[in-house]
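Student: I'll drop the sequence and a predicted model, then ask my questions.
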Amino acid sequence: MGNRIVVAGVASWGINIGVGEPAVDTAASGWDPRWLASGLGGAAGHISTILRALGDEVELCTVAGRDAIGSLIRGSLREHGLDGRGVVDLGVSAEAAVLVAPDGRRAVLSHSTRIAAVQYPEEVFTEMVRGADLAVLTSTPFTRPLLAAAVLHGVPIAVDVNVIADVEDDYYGPWLEVADIVFCSHERLPCSAERWLARIFDRYPGCLVAAVGRGPLGCVLGLRDGRLVRAEAVAPLGVCNTSSAGDSLFAAFLHGWLSTGNAAEALPDAVLYAGWRIGHRFPSGVALTATELARLRQRHPVRVTLDRWDR
């Protein structure tokens, strides 16, 4: 195995539904699904399975009950070698539906109220994070109390704050204050990606790496020393379902960064991984090994440019 990574967050059972027109951003009834597919989902589920397939040693901290949905989640985690001591029964299981339009856009409908209220046992996470190379704490409420343990054990922390819009966001603040690596989406940013990176580095002095996923425009990544890396998007199979694209970008980057120590090398591989995954009807059900990713890179090189965010 490679890097030892502890991932904390939601692993859910998700059903992806191919919908016709009108598009997924409008409410409609009476439509017949074009297709249906279900399997393991949730940010922590996506990130863990991707890292595991790439060859990392992954320990997952999540919740899954003993109900029917929980049994499905646990069974899928077991297939991936992730149903370990960190999967605890707190009486609830997460499930979600993803509506996918013909052009690949998606709308996620997650039933998260019960999951948001659980209290994950801190002693379990503390035991698991000791000696880890990285802690990935997704921004679900039950991981907030776990941040201190990662900090106290000197383990680097990575977080994806999704569709954040304010560098002083009260909700995401606890993660941002301690994160070494911060990813987010461009969808709600109030400024350019480059300007956003400058704001992150200025506001959070502990942040070493920050990146903005920009969908069809690729990804922009900044380093604390002022360097900026832009990687253009590549979609080798076209675009079928953009669900979990951000999780794929994030996870593949973390693997590459830990393995090589070079963010500029890790970013194009991450962009390529995400671009390949969205070409599938059910992205959550497919993953690349490190060898397969290397072969894909030879056939589909990613254009990268270097600049500075601190001009």
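Tutor: Arrived safely. Worth saying up front: this structure is predicted, and the values here are computed from it rather than measured.

Student: for the residue nearest the centre of the chain, which non-adjacent residue is spatially closest?
Tutor: Per CA atoms, centre = their mean, the C-alpha nearest to the average position across the chain is that of residue 247, at 2.4 Å. The shortest distance from residue 247 to any non-neighbouring residue, by CB to CB, 6 or more residues apart in numbering, is to residue 46 (3.8 Å). Yep, even glycine has a C-beta here, placed from its N, CA and C like the rest.

Student: who's in contact with that neighbour?
Tutor: 244, 247, 248, 251, 284 (CB atoms under 8 Å, 6 or more residues apart in numbering).

Student: repeat that for residue 242.
Tutor: Shown in contact with residue 242 (CB under 8 Å, 6+ apart): 104, 105, 106, 215, 278.

Student: top of those by number of neighbours, please.
Tutor: Sorting the contacts of residue 242 by how many neighbours each has (other CB atoms under 10 Å) puts residue 278 first, at 24 neighbours.

Student: secondary structure element for the residue nearest to the centre of the chain?
Tutor: helix 245-260 (DSSP states H and E).

Student: all helices for the stretch 151-300 of the chain, in order.
Tutor: Here the stretch 151-300 of the chain has its helices, by DSSP state H, counting those that start in this stretch, at 173-178, 193-203, 245-260, 263-277, 290-299.

Student: same list (those helices) but as CSV, adding mean pLDDT and distance to residue 165.
Tutor: Listed next are those as CSV, based on pLDDT from 0 to 100; distance: least, CB to CB, whole Å:
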stretch, mean pLDDT, distance to residue 165
helix 173-178, 98, 13
helix 193-203, 98, 10
helix 245-260, 97, 15
helix 263-277, 97, 22
helix 290-299, 97, 32
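
Student: out of those, which gets nearest to residue 77?
Tutor: helix 245-260 (15.7 Å; CB to CB).

Student: and the closest one, what other elements does it pack with?
Tutor: Packing contacts for helix 245-260, counted by 3 or more CB pairs under 8 Å, 6 or more residues apart in numbering; DSSP states H and E, involve helix 43-54, strand 134-137, strand 157-160, strand 181-185, strand 209-213, helix 263-277.

Student: go through these and name the closest to residue 98.
Tutor: helix 43-54 (11.8 Å).

Student: and the angle from the closest one to helix 290-299?
Tutor: 80 degrees (axes from the mean of the first three to the mean of the last three CA atoms, to 10 degrees).

Student: quick check: angle from helix 43-54 to helix 245-260?
Tutor: Going by the same axes, to 10 degrees, helix 43-54 makes 40 degrees with helix 245-260.

Student: check which element follows helix 43-54 along the chain.
Tutor: Downstream of helix 43-54, the first helix or strand assigned by DSSP H and E is strand 57-63.

Student: buried residues in that following strand, which are they?
Tutor: Neighbour counts over strand 57-63 (16 or more other CB atoms under 10 Å) mark 58, 59, 60, 61, 62, 63 as buried.

Student: closest one of these to residue 221?
Tutor: For those, the nearest to residue 221 is residue 58 (22.8 Å; CB to CB).

Student: and that closest one, what pLDDT?
Tutor: Residue 58 carries a pLDDT score of 98 in this model.

Student: how about the contacts made by it?
Tutor: So residue 58 contacts 5, 6, 7, 48, 51, 52, 82 (CB under 8 Å, 6+ apart).
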